[in-house]
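> next comes the sequence, and after it the predicted model I'd like to discuss.
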Amino acid sequence: MDWLHPEAVVWRNRALMVFDRVSVPIAVCDVYGAVLLANPAMAAECGTTPGRLRGRDVLELFRPQEATQVERIAEALRLRHRSRYQVSVRWTTPDGAERFGELTADPVSDTVEETPTLLVMLRVLGDREASERRPVQVAPVEARILALLAGGATTARAARETGLTVDGVNYHLRRLSARWDAANRTELVARAYALGVLASGVWPPTPASSDEPE
């Protein structure tokens, strides 16, 4: 598309207006994660203005819960795979609250051969301080299932590792999803880290409490 054409300019300006006004935090990043453009909602999460986010590393602003997620995405982008990628993240708001959520990155470009940019959206899932005020009790088998999922295990592998059936694993996942109001497994794992069910900074993922009976 010729961006110098008057009609194209009009549509570009309209798209930027929507980008600025939408309430969901959104940024456009280069393939290395440097912010090229951010909307006010994204800047507000960092306590700054959109212009001051330009050039910042999105994964420094929003810290990944699992380093291997980022490594897998980097490898997929290097191979020019064009899937949607999700990363569980946490960050500190301007008022000092510790939040957790999910970054979703969609590679976009005019042609398959062109190096893509990343359309990044942030979904805020909760506040760590508020979550920690609620007592969290998880059965050992559920903590084990969550640890396996965090490590990339399929439902079938989680069933083999825990001695359950696939239906049994799905039962526990549905139970936890309903309890934590998690929309998908990525969100479920993010909440498990935020609530302290899984130990942070440990690989492979393990339950935070290792002295519970199996």
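Nice, thanks for sending it over. For clarity, every value in this text was computed on a predicted model and none was experimentally measured.
> hey, which helix or strand in this structure has the poorest pLDDT?
Within the chain, judged by mean pLDDT, DSSP states H and E, the helix or strand with the poorest mean is helix 128-132; its value is a mean of 54.
> list the contacts of the residue nearest the centre of the chain.
In the chain, the C-alpha nearest the mean C-alpha coordinate belongs to residue 102, at 2.6 Å (CA atoms, centre = their mean). If you count contacts by CB atoms under 8 Å, 6 or more residues apart in numbering, residue 102 has them with 86-89, 122-123, 125, 186-187, 190. For every residue, glycine as well, the C-beta is placed using N, CA and C.
> can you pull out the strands in the chain?
Listed in chain order, the strands of the chain (DSSP state E) span 26-29, 35-38, 63-64, 85-92, 98-108, 117-127.
> closest one to residue 53 among those strands?
Proximity to residue 53 (CB to CB) singles out strand 35-38 among the strands of the chain, at 4.3 Å.
> export the closest one as CSV, just CAs?
Output of strand 35-38 as CSV, limited to C-alpha atoms (Å, rounded to 0.1, in the frame of the first residue of the first chain):
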residue,chain,number,x,y,z
VAL,A,35,9.3,-0.4,21.8
LEU,A,36,8.6,1.5,18.6
LEU,A,37,5.2,2.9,19.5
ALA,A,38,3.1,2.6,22.7
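> list the buried residues in that strand.
By 16 or more other CB atoms under 10 Å, the buried positions in strand 35-38 come out as 35, 37-38.
> export those residues to CSV and tack on pLDDT and distance to residue 57?
Below are the buried residues of strand 35-38 laid out as CSV (pLDDT from 0 to 100; distance: CB to CB, whole Å):
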residue, pLDDT, distance to residue 57
35, 93, 8
37, 91, 15
38, 91, 13
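> still on that earlier bit, and which of the contacts of residue 102 is nearest residue 74?
For the contacts of residue 102, the nearest to residue 74 is residue 87 (11.1 Å; CB to CB).
> still on that earlier bit, looking at the buried residues of strand 35-38, which is nearest residue 109?
For the buried residues of strand 35-38, the nearest to residue 109 is residue 37 (15.1 Å; CB to CB).
> residue 20 is in contact with that closest one, correct?
No - Residue 37 lies out of contact with residue 20 (CB atoms under 8 Å); the separation is 9.8 Å.
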